[in-house]
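Student: using only what follows, build the 3D model:
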Amino acid sequence: MTGLAGTRALVRLALRRDRIMLPLWIAVFAGMAASSAAATIDLYPTAVSRARAAASFNDIQSLVALYGRIYDPPSVGGIALVKMGGMGAFFVALFAILVVVRHTRGEEEAGRLELLGATVVGRYAALTAALLVAIGASLALAAGAAIGLIATGLPADGSIAFGLAWAGVGISFAAVAGVTAQLTRSARTATGIAVAVLAGTYLMRGIGDTAHQDGPSALTWLSPIGWAQQVRPYAGDRWWVLLLSVALACATTAGAYVLLARRDLGAGLLPDRPGPPAAAASLRSPLALAWRLQRGALLGWAAGFTVLGLVFGNVASSIGDFATPEAQDLITKLGGAEGLVDAYIRVCLMVIGMAASAYGVQAAMRLRSEETGGRAETVLATATGRIGWAWSHVLIAVAGTTMLVAVGGAAAGIVRGVQTGDAGKGGAMLGGALAQAPAACVITGIVVALFGLAPRFVVAGWGILAAFVLLGELGPLFELDQRVLDVSPFAHVPRIPGDGLVMMPLVMLTVLAALLILGGLAGFRRRDIG
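Tutor: Below you'll find the model as predicted:
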């Protein structure tokens, strides 16, 4: 039996397990790219208007650091896809990481890979299958994005280059995830290491793009996301840059196979750290256990939100310095018609709230992973009751979500207050961020309700969050009916700063979140475990 025996069967198994998630992911990302291009054609119908808006964008170093630089100002594709080329590439890479870790280290941690390994399955089959699925999904996304962009009227060469740039990022970080999956026994830790690498490369790209006014510095060329933007779709289409992603993927994949050959099944190359002798004393309640299981992820998210808040605070402080009508028009279309600074702050705070919702979804889904992994049954075999066990994880999810919006708002508020010399403005940003918490907790409540009432569909929480994000990002752009926009809980958050604090929507969102959580706990109490 060769080391690759059974790879085809594992690919088919992975595709069957992801038969909903992969097509949905591809359709959402390709649709966002095409929708962004179509909307930009309406916003900036002439080359002159696009050139002015792009020049204003490139003059704002904080926006360049966040999204990247527009290299062909008169081009529709250049201004339409600047956000998708930077931030979009980040999420493409994130999804590739999740796919690879799910079908490698995740399978090992759950014990399923050991069962499969007892059959005619080679040692390298699982890693190979996971990489093939991630690579295939990245290439399918490239094709879907290119077709959608061409359909909007953009040039075919630039559309294909944009799609392949996305695919290059996805393939590169799929290989990175293949390496991190060999380092540790925990799928969550493997994902965390890979995401930390991704965040570091995104930061390097941002620093490199803003180091020089006219172009990227060396740091940009150390980042796979920087490479994707340096393909420069619709601005010269530099195809040779794609070879950098191919080279990185090949080298990193080879390293993953070498590391796989040096470890035992179920083990990681990094040594497990023994717990402190007095650890048992801190695990005397379900809440203490839930905190111990989730504290590492929460602290990592808090660090990320601190950086995000600092960036948003710095950007918000520079928005008011716009002098040209074109720059004011750009920010008005991005954030709202009245009060340029307030409009942009509201957008930033909504992003913080939506990002915190992602943590809430992840933390609430820990209930399902503990159940399917058999660990919940072990805990419930003691004097711990079902509601007490489930409530401990729900409390961590809700409190953690609230803490993250507070951390992001406080970091942004500190920068805003220091740069303006007005502590009141910083406090307004913190208050506006906290106003997002009830809406974010509604999404957590939806996941808890699915866990209790329809546990097989708990993964739909990610799709629901994605739908709310799309409504928030693209709904106003396409002038959707207000009744459609009101489906998202974030549409009911008071406009702070701006209209002032209105308590009734926050109370209603809090009540809705509580009802969803109580319904989920009641359903869990009555259904079977497993």
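
Student: ok, residue 4 to residue 206 distance?
Tutor: Using Cβ to Cβ, to the nearest Å, we find residue 4 at a distance of 39 Å from residue 206. Backbone N, C-alpha and C define where each C-beta goes, glycine included.

Student: neighbour count winner among the two?
Tutor: residue 206 (24 against 16; other Cβ atoms under 10 Å).

Student: state the distance from that one to residue 29.
Tutor: Using Cβ to Cβ, one gets 21 Å for the distance from residue 206 to residue 29.

Student: tell me the domain ranges of the protein?
Tutor: Structurally, the chain divides into domains by automatic domain parsing as follows: 1-267, 283-530.

Student: which of the residues in stretch 103-116 are buried?
Tutor: Residues of stretch 103-116 classed as buried by neighbour count (16 or more other Cβ atoms under 10 Å): 103-109, 113, 116.

Student: return the member of those nearest to residue 378.
Tutor: Set against residue 378, the nearest of these by Cβ to Cβ is residue 109 (15.5 Å).

Student: if we look at the helix or strand where that closest one lies, which residues are touching it?
Tutor: Using DSSP states H and E, the element containing residue 109 is helix 105-110. Outside of helix 105-110, the residues that reach it under the criterion Cβ atoms under 8 Å, 6 or more residues apart in numbering are 113-114, 116, 126, 181, 184-187, 190, 265-266, 372-373.

Student: name the member of those residues with the most neighbours.
Tutor: Of all the contacts of helix 105-110, the most densely surrounded is residue 181 (31 neighbours; neighbours counted as other Cβ under 10 Å).

Student: can you flag the weakest of the domains of the chain by average pLDDT?
Tutor: Considering these one by one, the lowest average pLDDT is found for domain 283-530, at a mean of 80.

Student: give me every residue that touches the residue nearest to residue 352 when sequence neighbours are not counted.
Tutor: If the residues on either side of it in the chain are set aside, residue 352 comes closest to residue 408, at 4.1 Å by Cβ to Cβ, 6 or more residues apart in numbering. If a contact means Cβ under 8 Å, 6+ apart, then residue 408 has 305-306, 308-309, 312, 352, 355-356, 433 as its contacts.

Student: quick one: which of those sit in helices?
Tutor: 305-306, 308-309, 312, 352, 355-356, 433 (DSSP state H).

Student: so which of these is the closest to residue 461?
Tutor: Within those, the smallest distance to residue 461 is 14.1 Å, found for residue 356 (Cβ to Cβ).

Student: I'd guessed that closest one sits against residue 399; true?
Tutor: No - no contact is recorded between residue 356 and residue 399 when judged using Cβ atoms under 8 Å, the distance being 11.5 Å.

Student: these two: which is more packed in?
Tutor: Just comparing residue 356 and residue 399: by other Cβ under 10 Å the higher neighbour count belongs to residue 356, 30 against 14.

Student: would you mind measuring from the more buried one to residue 415?
Tutor: 19 Å.

Student: residue 129 too?
Tutor: Shown here: residue 129 relative to residue 415, a distance of 46 Å by Cβ to Cβ.

Student: any idea how far residue 250 is from residue 243?
Tutor: With distances taken as Cβ to Cβ, residue 243 is found 10 Å from residue 250.

Student: check residue 160 too.
Tutor: 22 Å.

Student: okay, the two: which has more neighbours?
Tutor: residue 160 (20 against 12).

Student: excluding its backbone neighbours, what's nearest that one?
Tutor: Nearest non-adjacent residue to residue 160, counting by Cβ to Cβ, 6+ apart: residue 146, 4.8 Å away.

Student: what about that neighbour, how many residues nearby?
Tutor: Neighbour number of residue 146 under other Cβ under 10 Å is 26.

Student: and residue 526, by the same measure?
Tutor: The number of residues packed around residue 526, counting by other Cβ under 10 Å, is 9.

Student: looks like residue 438 contacts residue 510 (just checking).
Tutor: Yes - Residue 438 is within contact range of residue 510, at 4.7 Å (criterion: Cβ under 8 Å).

Student: of these two, who's got more company?
Tutor: For residue 438 against residue 510, the residue with the higher neighbour count under other Cβ under 10 Å is residue 438, and the figures read 26 against 16.

Student: elements contacting the helix or strand containing that one?
Tutor: Assigned by DSSP H and E, residue 438 belongs to helix 437-453. With contacts taken as 3 or more Cβ pairs under 8 Å, 6 or more residues apart in numbering; DSSP states H and E, helix 437-453 sits against helix 340-372, helix 386-420, helix 460-474, helix 503-526.

Student: list the buried residues in the third one.
Tutor: Neighbour counts using 16+ other Cβ under 10 Å place 460-462, 464-466, 468-469, 471-473 of helix 460-474 among the buried residues.

Student: who does the next helix or strand after it touch, helix- and strand-wise?
Tutor: For helix 460-474, the succeeding helix or strand toward the C-terminus, using DSSP H and E, is helix 482-485. Other helices and strands packing on helix 482-485, by 3+ Cβ pairs under 8 Å, 6+ apart, are absent; none qualifies.

Student: how about the CA coordinates for helix 482-485, as CSV?
Tutor: Extracted in CSV, the C-alpha atoms of helix 482-485 (Å, rounded to 0.1, in the frame of the first residue of the first chain):
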residue,chain,number,x,y,z
GLN,A,482,-36.0,48.7,3.9
ARG,A,483,-38.0,45.6,4.9
VAL,A,484,-35.3,43.5,3.4
LEU,A,485,-32.6,45.4,5.3
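
Student: i'd like the first residue to be 412 from this point on
Tutor: With the count now opening at 412, the last piece we talked about shows up as helix 893-896.

Student: that one: how far from the chain's middle?
Tutor: 25 Å (Cα atoms, centre = their mean, to the nearest Å).

Student: buried residues, that helix. List them.
Tutor: residue 896.

Student: next: stretch 621-637.
Tutor: Along stretch 621-637, these residues count as buried under the neighbour rule (16+ other Cβ under 10 Å): 621, 627, 630-631, 634-637.

Student: need those residues in JSON lines with secondary structure and distance to residue 549, can you?
Tutor: Below are those laid out as JSON lines (DSSP: H, G, I helix; E, B strand; the rest coil; distance: Cβ to Cβ, whole Å):
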{"residue": "621", "secondary structure": "helix", "distance to residue 549": "28"}
{"residue": "627", "secondary structure": "coil", "distance to residue 549": "23"}
{"residue": "630", "secondary structure": "helix", "distance to residue 549": "24"}
{"residue": "631", "secondary structure": "helix", "distance to residue 549": "21"}
{"residue": "634", "secondary structure": "coil", "distance to residue 549": "17"}
{"residue": "635", "secondary structure": "helix", "distance to residue 549": "12"}
{"residue": "636", "secondary structure": "helix", "distance to residue 549": "14"}
{"residue": "637", "secondary structure": "helix", "distance to residue 549": "18"}
